[in-house]
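J.: Structure, please.
(2 chains)
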Amino acid sequence: MRFARLIWLASALLVATGVSIGGELDDITHSIPPGYVPADAEDEKGIWLELEEIERDFNKSALLIRDPQLTGYINEIVCRVAGPYCNDFRVYVVRNPNFNASMTATGMMQIWTGLIVRAESTDEIAAVVGHEIAHYTRLHTLQRLRALKKKMARGVFLDVLTGMPFGQLSAMLGALAFSREQETEADILGVKLLANAGFDPHASYTVWQNVIAEQQAAVAKEEEPGMFAKTHPASEERARYLKSWVEAKYGPPDREQVADEKLLAALNSNYMMLMEDQLDTNRFGRTKELLERHAALGVDPSLVRFFYGEMFRQRGDEGDAELATAAYRHSIEGGNPPPEAYKNLGYLLLKGGERETALESFEIYLELDPDASDRAMIEFYLGE
Amino acid sequence: MKAHVLAFVATGMLAACSVAPTNVAQIDRLESVREDPRIVMMPPDIRYYLLTAGGVSEPHAEWTTAAQENFATAALAYTDSIGADMTLLDADDLSADEIRYETLHSAVGLTMLQHYFFGTRLPSKGDRFDWSLGPEISVIGEENDADYALFVFYRDYQASGGRVGFAVLSAVVGAATGMGTMVSTGSESGFASLVDLKTGEIVWFNMVAAGSGELRDKDGAAKAVDKLFANIPTSQGNAEAQ
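T.: Numbers count the residues shown, from 1 in each chain, chains lettered A, B, ... in the order given. From the prediction side, this is the model:
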């Protein structure tokens, strides 16, 4: 929808402003009942048709995760947070290593795998879900379109009279401010949904604190320009005001975020896919931060260590081969290494001239994964 | 998001420069191992928007649905009249492959507008017209037992009364003061590609802009189809030559 892009384009001009939390935010509640159908208004019907066509095609996307364990875990969270609105949503778990989730006006919800791989607790996933549900029940898409139409009409009128473009410019900035207000609304209503469903409301800001920690790790490694992180404090602002609002309403946190069994099961059984996608982003500072987080959460140590090995091997700086070799060995010591730990260890040893140990490692790889797609290649080394 | 901005820019260009060359035919007639070459038509990607007073484009359900239906009916009647064997795929029943190629076609088509018909030519392509969706599209040929695929992309932005009012006001103020503000009063534009399902190559391409038709009513859609498919190749040769 072009109006959304308009806001997007103009966001380059955005200067961050403080958000003040007034009493009126405490009273925020749903604007529509469960089972909502679009009103008989041209703009709303237009939005719904376009989104329904998008969803019809999106349903068949190769990027959708169809594993019932993972989708079941996410669906359960959504239903618990949504309460009576549960049936209004279709939840799509999308294979994408970036941190994101979204909701359409029609109730099509996307949860990206990059969000799951960054969660410290089920509550943090629920926090993002609550925010997205609030966008839906507050009719934010429709309201944004209507506000933009009004502001732009005024802006064009002004520009026509003056012959200068400032009316439209100011309308676009106004639209941005409006959409920031909506974000705040969704944050606050989201926390309420979260708390009502029995999740920890403090997860609403810890999830942002994690994003900040990861950003800082990337900047410290000079992988991403520090300027951007410094002049773009949206996450920090958000973490700050959510923390103060949540603590005022629910009291200070009584515990750290912990991974429950379901989150750990989701991470452990999908770890290869999740972290391979993360590695493909080539952002080592971020990957390392995630691996440290996963080790602390209690993700299977053999898996975490294997990806330390993958990370060092892929980076390939001076000394990384040794670090990778040690990480693969450490993964094997952990007792539950993926077969690839033996294979990649074998390659590194072969390169380092330790032929015999390398071949032993290759043999174990083939024993563990007899149907490996690269079996012929490995057998070639073994037969040499 | 990017694709949409591109669509906006490209269709904007299309609307602005309707005098540029708009048609490329790489073949004169359709070829097939069977007696009658078979075309499969992808559900036409058609959307109508209301251009509000402030220039916001608002998706319009009723117009879009009517346009999609009228266009499909007119397209089938047209290909029937020129004796082409064409089937239209149901938008609600597409395979994952078909959806992928429909999306790819929009991206390639808009890129062609930007880098072949208008704007700068790509250094790697120069003046050659060798745009392709890639040979893997043969899967669509196998799924549908067809030799060619026909893709259609069409966007229409209809100015609201308020928008037209602003445009008039702008002209008046501009004339009086010499300082004008551009107020666009909408646009209509579209393109169609015929793709060889063995090679993926775009063997025929046509685009239409301002005055290309009113898809919201049946007669308008028939006229638009006549224009868009004007010289589409058939098994007997170029349709216009018939």
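
J.: Please state the offset of stretch A:117-131 from the chain centre?
T.: Taking C-alpha atoms, centre = their mean, to the nearest Å, the mean C-alpha location of stretch A:117-131 is offset from the chain mean by 9 Å.

J.: and that stretch, what's its mean pLDDT?
T.: Stretch A:117-131 shows a mean pLDDT of 97.

J.: check contacts around residue B:136.
T.: By C-beta atoms under 8 Å, 6 or more residues apart in numbering or on different chains, the contact set of residue B:136 is residue B:200. In this view, the C-beta of every residue, glycine as well, is placed from N, C-alpha and C.

J.: for chain A, what are the nearby residues on chain B?
T.: B:1, B:4-5, B:8, B:47, B:49-50, B:52-62, B:64-65, B:91-92, B:94-96, B:99-100, B:102-103, B:162, B:166, B:169-170, B:173-174, B:177, B:179-181, B:183 (C-beta under 8 Å from any C-beta of the partner chain).

J.: Can you tell me which of these end up in strands?
T.: Judged by DSSP state E, the subset of the residues of chain B next to chain A located in strands is B:47, B:49-50, B:57-59.

J.: Can you give the contact residues for stretch A:282-295?
T.: Contacts of stretch A:282-295 (C-beta under 8 Å, 6+ apart): A:117-118, A:120, A:210, A:213-214, A:217-221, A:223-224, A:267, A:275, A:278-279, A:281, A:301, A:304, A:307-308, A:311, A:314-315.

J.: if I pick residue B:85, what's in contact with it?
T.: B:36-39.

J.: between those, which is nearest residue B:195?
T.: Nearest to residue B:195, judged by C-beta to C-beta, of these is residue B:39 at 9.8 Å.

J.: Does the closest one lie in a helix or a strand, and which?
T.: strand B:38-41 (DSSP states H and E).

J.: Not counting sequence-adjacent ones, nearest residue to residue A:95?
T.: residue A:63 (4.8 Å; C-beta to C-beta, 6 or more residues apart in numbering or on different chains).

J.: I'd like the distance between that neighbour and chain B.
T.: 11 Å (C-beta to the nearest C-beta, to the nearest Å).

J.: My guess is that residue contacts residue A:93. True?
T.: No - judged on C-beta atoms under 8 Å, residue A:63 makes no contact with residue A:93 at a distance of 9.5 Å.

J.: More neighbours: which of the two?
T.: Comparing residue A:63 with residue A:93 by other C-beta atoms under 10 Å in any protein chain shown, the one with more neighbours is residue A:93, at 24 against 13.

J.: could you point out which element follows the helix or strand encompassing that one?
T.: Assigned by DSSP H and E, residue A:93 belongs to strand A:90-94. Once the chain leaves strand A:90-94, the next helix or strand it forms, by DSSP H and E, is strand A:101-103.

J.: before we move on, the earlier item: Produce a PyMOL select command limited to the buried residues of the contacts of stretch A:282-295.
T.: Burial among the contacts of stretch A:282-295 is assessed by 16 or more other C-beta atoms under 10 Å in any protein chain shown; the matching PyMOL selection reads:
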select buried, chain A and resi 117+118+120+210+214+217+218+219+224+267+275+278+279+301+304+307+308+311
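
J.: Could you point out which residue ranges in the chain have low pLDDT?
T.: Reading this off chain A. A:1-23, A:222-233 (pLDDT under 70).

J.: nope, chain B please
T.: Residues of chain B that meet the criterion pLDDT under 70 lie in B:1-21, B:237-242.

J.: residues contacting the residue most central in space within it?
T.: The residue lying closest to the centre of chain B (C-alpha atoms, centre = their mean) is residue B:191, at 2.3 Å. Counting by C-beta under 8 Å, 6+ apart, residue B:191 touches B:14, B:109, B:113, B:152-154, B:205-208, B:228.

J.: same thing but 6 Å
T.: B:109, B:153, B:207 (C-beta atoms under 6 Å, 6 or more residues apart in numbering or on different chains).

J.: What of residue A:368?
T.: residue A:339.

J.: can you map out the helices along the stretch 1-150 of chain A?
T.: Secondary structure of the stretch 1-150 of chain A (DSSP state H, counting those that start in this stretch): helices at A:2-10, A:23-26, A:42-58, A:68-82, A:113-116, A:122-137, A:140-162.

J.: for the helix or strand harbouring residue A:209, packing partners?
T.: Assigned by DSSP H and E, residue A:209 falls within helix A:203-220. Judged by 3 or more C-beta pairs under 6 Å, 6 or more residues apart in numbering or on different chains; DSSP states H and E, the packing partners of helix A:203-220 are helix A:122-137, helix A:226-231, helix A:234-250, helix A:284-297.

J.: now these as TSV including distance to residue B:217 and mean neighbour count?
T.: Below are the helices and strands packed on helix A:203-220 laid out as TSV (distance: least, C-beta to C-beta, whole Å; neighbours: other C-beta atoms under 10 Å in any protein chain shown):
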stretch	distance to residue B:217	mean neighbour count
helix A:122-137	36	26
helix A:226-231	51	11
helix A:234-250	48	17
helix A:284-297	55	19
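
J.: Of these, which is nearest residue A:205?
T.: Smallest distance to residue A:205 across these (C-beta to C-beta): 4.0 Å, for helix A:234-250.

J.: Show me what that closest one is packed up against.
T.: Using 3+ C-beta pairs under 6 Å, 6+ apart, helix A:234-250 is in contact with helix A:203-220.

J.: what's around the nearest residue to residue A:128 once chain neighbours are set aside, how many residues?
T.: Once flanking residues are discounted, residue A:128 sits nearest to residue A:101: 4.9 Å by C-beta to C-beta, 6+ apart. Residue A:101 has 19 neighbours, counted by other C-beta under 10 Å.

J.: what sits against residue A:101?
T.: Counted by C-beta under 6 Å, 6+ apart, residue A:101 has contacts A:111, A:115, A:128, A:132.

J.: which among those residues gets closest to chain B?
T.: Chain B lies nearest to residue A:132 out of those, by C-beta to the nearest C-beta, at 18.0 Å.

J.: if we look at the longest helix seen in chain B, which residues are touching it?
T.: Ranked by residue count and defined by DSSP state H, the top helix of chain B is helix B:61-81. For helix B:61-81, contacts defined as C-beta under 6 Å, 6+ apart pick out A:45-46, A:49, B:44, B:46-48, B:86, B:88, B:215-216, B:218, B:221-222, B:225, B:229.

J.: So which of those residues wins on neighbours?
T.: Most surrounded of these: other C-beta under 10 Å gives residue B:215, at 28 neighbours.

J.: wouldn't that one be in contact with residue B:221 here?
T.: Yes - if you go by C-beta atoms under 6 Å, residue B:215 and residue B:221 touch, sitting 4.8 Å apart.

J.: List, one by one, the residues from the stretch 101-250 of chain A near chain B.
T.: A:148-149, A:152-153, A:156, A:159-160, A:163 (C-beta under 6 Å from any C-beta of the partner chain).
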